[in-house]
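Enquirer: I would like the atomic coordinates for the input below:
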Amino acid sequence: MKGSGVVAVLAVAGLAGCGSEEGRVKLVPVSGKITLNNKPLANATVSFVPAKDNVNNTPATDSTGPEGNYLMMWKNRRGLAPGKYTVIVTPSTESTTDPRYAAFKDDPYMAEVSAAGNTVPGLAKRAELTKNEFPAEVGDEAVELDFDVKGKASAGGSAK
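Expert: Numbers count the residues shown, from 1 in each chain. From the prediction side, this is the model:
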């Protein structure tokens, strides 16, 4: 009986090691600021797409805050694996000053449905982007990567 208790304790101890830091992908903190024509770009989607030859594949997406700031997370962990990435910035088509946005700020699905058709005055028009993809490299230390999206106003709208 005593022998089986020791075996059970060793088995449980062995399982506890399965979730350890060993075998986890090393992540490096990545943050920065997105601007459109040198002005902060709020509510934009920032996507880091890993290069095919990266050792670890850690794609990530975040939305920019009011000042254009973003912070990359992969699987609920802060950062990305070292390597090369293509960064794609997609501005939002909605305005945070639209009353419908405020009404549905806690329900993104309903905010999107209510903005369908983009017919309410006050909704921002999507800018015609001339540059919204950027190369980036993440090294072994924390990095701040800022990107300036270039665009011009589309017919009847203005770039934010």
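
Enquirer: that's a strand at residue 140, yeah?
Expert: No - counting by DSSP: H, G, I helix; E, B strand; the rest coil, residue 140 is not part of a strand but coil.

Enquirer: flag the shaky bits of the chain, pLDDT-wise.
Expert: 1-23, 94-129, 153-160 (pLDDT under 70).

Enquirer: do a quick rundown of the strands in it.
Expert: 30-36, 39-40, 45-50, 60-63, 69-71, 73-74, 77-78, 83-90, 128-131, 133-138, 143-144, 147-152 (DSSP state E).

Enquirer: can you say which of those is nearest to residue 24?
Expert: Each of the strands of the chain has some distance to residue 24 by Cβ to Cβ; the shortest is strand 77-78, at 8.3 Å. Yep, even glycine has a C-beta here, placed from its N, CA and C like the rest.

Enquirer: thinking again about what came up before, output the strands of the chain as JSON lines; include the columns distance to residue 24.
Expert: As requested, these are exported to JSON lines (distance: least, Cβ to Cβ, whole Å):
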{"stretch": "strand 30-36", "distance to residue 24": "17"}
{"stretch": "strand 39-40", "distance to residue 24": "34"}
{"stretch": "strand 45-50", "distance to residue 24": "17"}
{"stretch": "strand 60-63", "distance to residue 24": "16"}
{"stretch": "strand 69-71", "distance to residue 24": "19"}
{"stretch": "strand 73-74", "distance to residue 24": "11"}
{"stretch": "strand 77-78", "distance to residue 24": "8"}
{"stretch": "strand 83-90", "distance to residue 24": "16"}
{"stretch": "strand 128-131", "distance to residue 24": "35"}
{"stretch": "strand 133-138", "distance to residue 24": "16"}
{"stretch": "strand 143-144", "distance to residue 24": "20"}
{"stretch": "strand 147-152", "distance to residue 24": "28"}
